[in-house]
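A.B. asks: let's see this in three dimensions:
(2 chains)
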Amino acid sequence: MSSPAIEILGLTKDYPVGFWRKRMRRSLDNLTLQVEEGEIFGFLGPNGAGKTTTMKLLTGLIFPTAGTARVRGRPIDDVAMHREIGYLPEQPYFYDYLTARELLDYYGRFGDMGKAELRDRVARLLERVGLADAADVQLRKYSKGMLQRAGIAQAILNDPKVIFLDEPMSGLDPVGRREVRDIIGELKKQGKTVFFSTHILSDAEMLCDRVAVLAGGKLQGVGAPGEIVSLEVDAMDILFELPAGRSLPPALAGRANPIGGRCRMEVPEAELYAALDELRRSEARILSVSPVRPTLEDYFLRVVDKEKVTSHAVEVAVR
Amino acid sequence: MSAAPMPVAVNTFREAIRDRVLYNLVFFALLMIGASILVGQISIGIDRLVIINLGLSAISVFGLVMAIFIGVGLVSKEIEKRTLYSLLAKPIRRWEFLVGKYAGLVLTLVVNTSFMTIGLATALFYVGRPFVRTDALILVSVYFILLELALVTAIALFFSCFSTPMLSTLFTLGTYITGIFASDIRGFGEFTKNPSLKVLTRVIYYLVPNFHNFNSIAAASHGEPIPLALVGQNTLYTVLYVALLLVAASTVFSRRNLK
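C.D. replies: Alright, predicted model coming up:
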């Protein structure tokens, strides 16, 4: 059996805070996670959840307080691991005195490509991310969206097997977001593993094989987007019409919302049959009954709310 | 030896050129032109001494300003602007990045100093004196200035690995000034009766680089010989000191969290 693309074991990161740097603030708490080869893995969480901290730990920009991680079997402190990865930082900023072509040529020199191969690869990538026309313009003249595209191009420049994208959709208009989604889809077809963080849940739902939700530095749940949203049925949704002149039975009054001559009502699953009996007695015409499943967004918000209650425990230790 | 520092060095040089750092050459050229015209009018017989003195001093000062102010920003600017994040995710070790940045700035300083040396030679030619054999001393003096700049750059880079640009500038400047007076500080310690002060001045003497030996401007302008042994000694001293500083800087920087 092949080893996972990314294997995270108890990864923890504390930062010293305060003037004397004696107090420690835990940014990431004992994260254990596996991402398989070829997966598109979404990393979800609100600001300050620990998503960027995880990305920086996995790319070797910061060092763990505890725990370990491996990318394609190589430990994250091994420079050879960097041959396997590409990384788009959050809100990327590049050498603004360079053009996009020069930037990619510069980064490409740390890979294994020859000069001619690199030149071709750079031209193709610039075309792919829609920057061919602006390839020889200095990056200081680029918009935020164009910088993001240049950032994606540099992340996949050396044909890495595992690609980390930190908020790749941020700063992009709907067209740009769609293009990034297409690129991620292409990467999946090529068998790449993509680990990307986002707080745009529809993107995660559309793209990801699996997602992990992080809040307050802790892993709250991991699974296929479908699994996460089908964890439980919140309630039942009933759509019905009342005959002219009939009003709602007193037991249901105040619970139904009229929508264009029809009524919609949410009732707990256990109360469904009682509510239907009441409606039948009122001669209501039942149009549909469907389960209300939490969306990824509901799950996300619930997790975040729960985490707020316990967030006072984030400051963990005194040196 | 790894090839990874090379692209970093080239990019650092390119940044300096595109940020118009070499514009300082215009000021140097104006200074030389002004000095040549003025010297021709007021100092008959000592034009050589004045032009060489002024030219070499300007080369040193311009170079020091560049070495310190660009040197302290070599690392901090990349962290502050977050350009380092995508770079260090590539297969490059942190020490390779530092060596590349260092080499890039030293290359910039060499190019800058070379142009200024040509400017100085042009000024000497303009005041109408033929080149003589002792003019080779000017080149030795320029070489010493370059060694000094290489050392100052390494100091600036070292401090910038763990400190803010403002503090790094102060530390580098402080180290440089202390280094100029290193021998005097030790001499002062010998005179005092306070044993702890004696130890302190001796520690300072051995800790800071001794920049006094790099100053051969007076010898070059007066045509006094510069011993070959001093050339070898200064070269070896610089190589060792720079290597030590780069190792120290790499050790600090390799442990640094890039938040």
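A.B. asks: in the helix or strand bottoming out on mean pLDDT in chain B, what's buried?
C.D. replies: Taking mean pLDDT, DSSP states H and E as the measure, the helix or strand of chain B with the lowest value is helix B:24-42, at a mean of 80. Buried positions in helix B:24-42, judged by neighbour count with 16 or more other C-beta atoms under 10 Å in any protein chain shown: B:24-25, B:28-29, B:31-32, B:35-36, B:39. Using the backbone N, CA and C atoms, a C-beta is placed for each residue, glycine as well.
A.B. asks: which SSE is the residue nearest to A:T198 when sequence neighbours are not counted in?
C.D. replies: Nearest non-adjacent residue to A:T198, counting by C-beta to C-beta, 6 or more residues apart in numbering or on different chains: A:A204, 5.6 Å away. A:A204 is part of helix A:201-207, with elements assigned from DSSP states H and E.
A.B. asks: name the helices or strands packed onto that helix?
C.D. replies: Applying 3 or more C-beta pairs under 8 Å, 6 or more residues apart in numbering or on different chains; DSSP states H and E, we find helix A:201-207 packed against strand A:40-44, helix A:174-189, helix A:296-310.
A.B. asks: so which of those is the most packed in?
C.D. replies: Ranked by mean neighbour count, those are led by strand A:40-44 with a mean of 26 (mean count of other C-beta atoms under 10 Å in any protein chain shown).
A.B. asks: what is that strand packed up against?
C.D. replies: Packed next to strand A:40-44, using 3+ C-beta pairs under 8 Å, 6+ apart, are helix A:51-58, helix A:174-189, strand A:193-198, helix A:201-207, strand A:210-215.
A.B. asks: may I have that strand as PDB, with CA atoms only?
C.D. replies: Written as PDB, here are the backbone C-alpha positions of strand A:40-44 (Å, rounded to 0.1, in the frame of the first residue of the first chain):
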ATOM      1  CA  ILE A  40      -8.300  17.300  -3.400                       C
ATOM      2  CA  PHE A  41      -8.400  18.100   0.200                       C
ATOM      3  CA  GLY A  42     -10.100  21.200   1.600                       C
ATOM      4  CA  PHE A  43      -8.900  22.800   4.800                       C
ATOM      5  CA  LEU A  44     -11.700  24.900   6.200                       C
END
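A.B. asks: next one, pLDDT for the residue most central in space within chain B please.
C.D. replies: Chain B has B:L149 as the residue nearest its centroid, 1.1 Å off, counting by C-alpha atoms, centre = their mean. In this model, B:L149 is scored at 97, pLDDT.
A.B. asks: list the buried ones in the helix or strand encompassing it?
C.D. replies: In the assignment (DSSP H and E), B:L149 maps to helix B:136-160. By neighbour count on 16+ other C-beta under 10 Å, the buried set for helix B:136-160 is B:137-138, B:140-160.
A.B. asks: give me every residue that touches A:V175.
C.D. replies: By C-beta atoms under 8 Å, 6 or more residues apart in numbering or on different chains, no residues touch A:V175.
A.B. asks: distance-wise, check it relative to A:R181.
C.D. replies: According to C-beta to C-beta, to the nearest Å, A:V175 and A:R181 sit 11 Å apart.
A.B. asks: again, but for B:G119
C.D. replies: Distance, B:G119 to A:R181, by C-beta to C-beta: 57 Å.
A.B. asks: buried ones in stretch A:251-260?
C.D. replies: So for stretch A:251-260, counting by 16+ other C-beta under 10 Å, buried means A:252, A:256.
A.B. asks: show me where the stretch 201-319 of chain A has its strands.
C.D. replies: Taking DSSP state E, counting those that start in this stretch, the strands of the stretch 201-319 of chain A run over residues A:210-215, A:218-223, A:235-241, A:256-259, A:262-267, A:285-292, A:315-318.
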